[in-house]
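Colleague: sequence and predicted structure are below.
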Amino acid sequence: MNNETSPLFFAAQNGHKGTISSLLSNGANVHQADNNGVAPLFAAAGKAHKDIVICTCQKEQISIKQTTMEPHHSHAVQNGHKDIASLLLSNGTNIHEADKDGRTPLSIAAFNGHKGTVSLLLSRGAYIDQAMSDGAKPLFIAAHKCHKDIVSLLLSNGANIHQARNVQDIEKGGWTSLLSLLSMVTRALCHYSC
């Protein structure tokens, strides 16, 4: 264990609720991140330790404030932990907050093919056409990754099929979500005809 990783972090990551309770009641800093900027709540969320997330949220008095490099919900969304993402959203995490790489929660869920999480985020008000830092939007990402159920879900919720990744892409004749969808269909047809 290095000097900058707290016992609370390890307990959260490994799901040790009793240890967490003891550490928190003795003044452990719930926001103290490890060397990579990962807070204990983020570690627990990524491992789907719901009891730890609840315990940590209660300690924070239902006011989750991001003090690390990553939003608390991004690891839960990335791993498809819909219940954890829902719990964190109910306790104040920002549904529109991008991670350090500019990825939005909806884009992360779309990329990883987590339809339930995409549905949750849409029902909680995620911006359907919110771009990542590189200009890619959830529909483009889902189409590019061939996640047809997510493509259908995004389209039925009003995603813009004609929107390019960014203005420069339009000027250069770049790919729109529609072209990405056509590519997905072509790959599927090639797969089934071989």
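Modeller: Yes, it's here.

Colleague: how much space is there between Asp149 and Ala11?
Modeller: 37 Å (CB to CB, to the nearest Å). All C-beta atoms are positioned from the backbone trio N, CA, C, and that covers glycine.

Colleague: so those two - more neighbours on which side?
Modeller: Neighbours were counted for Asp149 and for Ala11 using other CB atoms under 10 Å; Ala11 has more, 24 against 12.

Colleague: residues touching that one, list them.
Modeller: Counting by CB atoms under 8 Å, 6 or more residues apart in numbering, Ala11 makes contact with Thr19, Ile20, Leu23, Pro40, Ile52.

Colleague: how about the residue lying closest to Ile150 once chain neighbours are set aside, what does it touch?
Modeller: Closest residue in space to Ile150, ignoring its immediate chain neighbours: Ala142 at 4.1 Å, by CB to CB, 6 or more residues apart in numbering. Residues in contact with Ala142 (CB under 8 Å, 6+ apart) are Ala110, Phe111, Gly113, Val118, Ile150, Val151, Leu154.

Colleague: any idea how far Gly158 is from the third one?
Modeller: What that stands for is Gly113. Note on Gly113: its distance to Gly158, by CB to CB, is 20 Å.

Colleague: more crowded one of those two?
Modeller: A direct count of neighbours by other CB under 10 Å for Gly113 and Gly158 places Gly113 higher, at 16 against 10.

Colleague: excluding chain neighbours, what is closest to that one?
Modeller: Leaving out its chain neighbours, the residue that sits closest to Gly113 by CB to CB, 6+ apart is His147, at 4.5 Å.

Colleague: got it, and Gln13?
Modeller: Residue nearest to Gln13 in three dimensions, not counting chain neighbours: Ala43, with 4.0 Å by CB to CB, 6+ apart.

Colleague: how does the chain divide up, domain by domain?
Modeller: As given by automatic domain parsing, the domain ranges for the chain are 1-94, 102-194.

Colleague: which secondary structure element is home to Gly80?
Modeller: Assigned by DSSP states H and E, Gly80 belongs to neither a helix nor a strand.
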